[in-house]
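[1] quick one, structure for this:
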Amino acid sequence: MKLSDFDFHLPKESIAQHPSDKRDHSRLLILDKATKTLEHHMFYDIYDELTQDDVLVINDTKVIPARLLGIKEKTDATIELLLLKEVSPHHWEAMTKPARRVKVGTKIHFSDLLIAECIEEKEEGLRIFRMHYEGLFIEVLERLGSMPLPPYITEKLFDKDRYQTVYAKDPGSAAAPTAGLHFTQELLNRIRAKGVDIIPITLHVGLGTFKPVQTENITEHPMHEETYTISNESAARLNLAIQEKKHIVCVGTTSIRTLESNYQDGFHPGTYETSIFIYPGYTFKVVDKLITNFHLPKSTLIMLVSALAGREFILDAYKTAVEKGYRFFSFGDAMFIK
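    Numbers count the residues shown, from 1 in each chain. Next up is the predicted model:
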């Protein structure tokens, strides 16, 4: 399957530069896989789509201030780090710009609170750094770092909380699981009161989620590993849902990748790595339905939703969304694939 099979025309004005005034007042395009039909709704209508036969799986990761600007020791060159993953205590993998200036032994200073020392050079601008600091690292980041908004968002975000879900809990992501941005606590409470079990899992979003595909043959695209965790309680509730033949509804592609990676004759609690790449031809093990945003052309994410609903149906839906003025990407509108 070719990369060009997942391309589509997207006008620049379709890219949302800011979130909707109210989280659940974004639009919702409902795709029915069986009938190949579309319905136009508001996001708060998702309440009417969910029943006691569904469980809702959310990713409770929290975005950290992962973008750091520092000064290279000895040369005073400006170096930017985008922290992607904590590989071990005090050691982080980071996208580095300009990477050619950062070799093993290079030290980068971020005021007097943090020094990042490069200990390993990897491909594609990635480096492993040993972090030298005192106190709690997340508190250091809160003082020095900034929210790593995607490059297609060019306007300033005045409320940083709008790039976090209302249920964000576990710090560690370099990007938000954006499908969850549409939920308010009130909407979640109403859904829970309806009898829908809402089950949290955690996948820290890193390079595996948003790395561009650069090979025309998509099967040659290497997915980077991301860390996920399923608690004992969540695994038990998921296994009960499977036993009771309930529908698994994932909020976001990160939730799908977590569940499909973990399921082997049941869900297993613990912390693991996944580099799963889902594209058309993949047979889903447990996931039935998906709430998601509109994704970039030729991305691994549009390949994933195409695997769930069919490539032609997805591309037709995207064409309709453009024509109807839906807003795309992180701060845009949502889809519900059922």
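
[2] okay, now Leu82: neighbour count?
    20 (other C-beta atoms under 10 Å). C-beta coordinates here come from the backbone N, C-alpha and C atoms, glycine included.

[3] show me what the closest residue in space to it that isn't next to it in sequence bridges to in the sheet.
    Among residues not flanking Leu82 along the chain, Met95 sits closest, at 4.2 Å (C-beta to C-beta, 6 or more residues apart in numbering). In this entry, Met95 is beta-bridged to Leu82, Leu126, by DSSP bridges.

[4] Met95: what's it in contact with?
    With contact taken as C-beta atoms under 8 Å, 6 or more residues apart in numbering, Met95 is in contact with Leu81, Leu82, Leu84, Gly125, Leu126, Leu207.

[5] apply 7 Å and report the result again.
    Counting by C-beta atoms under 7 Å, 6 or more residues apart in numbering, Met95 touches Leu82, Leu84, Gly125, Leu126.

[6] quick check: the second one touching Ala175?
    No: counting by C-beta atoms under 7 Å, Ala175 is not a contact partner of Leu84; they are 9.6 Å apart.

[7] buried subset of the contacts of Met95, written for PyMOL?
    Selection of buried members from these for PyMOL, criterion 16 or more other C-beta atoms under 10 Å:
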select buried, resi 82+84+125+126
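
[8] same list (the contacts of Met95) but as JSON lines, adding distance to Thr274 and pLDDT.
    Formatted as JSON lines, the contacts of Met95 follow (distance: C-beta to C-beta, whole Å; pLDDT from 0 to 100):
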{"residue": "Leu82", "distance to Thr274": "20", "pLDDT": "94"}
{"residue": "Leu84", "distance to Thr274": "14", "pLDDT": "92"}
{"residue": "Gly125", "distance to Thr274": "22", "pLDDT": "91"}
{"residue": "Leu126", "distance to Thr274": "18", "pLDDT": "94"}
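
[9] now for the contacts of Met95: which two are most distant?
    Using C-beta to C-beta, these span at most 10.7 Å, a distance reached by Leu84 and Gly125.

[10] tell me the helices in the stretch 1-150 of the chain, going along the chain?
    46-49, 137-144 (DSSP state H, counting those that start in this stretch).

[11] Leu296 is nearest to which of these?
    So among the helices of the stretch 1-150 of the chain, helix 46-49 is nearest, using C-beta to C-beta, at 23.2 Å.

[12] pick the one among the contacts of Met95 closest to Asn262.
    Of the contacts of Met95, the one sitting nearest to Asn262 (C-beta to C-beta) turns out to be Leu84, at 21.1 Å.

[13] how much space between that closest one and Leu144?
    From Leu84 over to Leu144 the distance is 17 Å, taken as C-beta to C-beta, to the nearest Å.

[14] what does Ile218 give?
    Taken as C-beta to C-beta, the span from Ile218 to Leu144 is 38 Å.

[15] tell me the SS of Ala321?
    helix (DSSP: H, G, I helix; E, B strand; the rest coil).

[16] burial count for it?
    23.

[17] pretty sure it contacts Leu29?
    Yes: at 5.8 Å, Ala321 and Leu29 qualify as touching, with contact defined as C-beta under 7 Å.

[18] hmm, which helix or strand of the chain has the shakiest average pLDDT?
    helix 207-210 (a mean of 70; mean pLDDT, DSSP states H and E).

[19] strand partners of the next helix or strand after that one, parallel vs antiparallel please.
    Moving toward the C-terminus from helix 207-210, the next helix or strand (DSSP states H and E) is strand 226-230. With DSSP bridges as the test, strand 226-230 is paired with strand 197-203 (antiparallel), strand 270-274 (antiparallel).

[20] gap between the helix or strand following strand 226-230 and the chain center?
    Sequence-wise, the next helix or strand downstream of strand 226-230 (DSSP H and E) is helix 232-243. Remark: helix 232-243 is offset 23 Å from the chain centroid, using C-alpha atoms, centre = their mean, to the nearest Å.

[21] do the same with stretch 42-51
    22 Å.

[22] same deal with stretch 229-247?
    For stretch 229-247, the distance to the chain centre is 22 Å (C-alpha atoms, centre = their mean).
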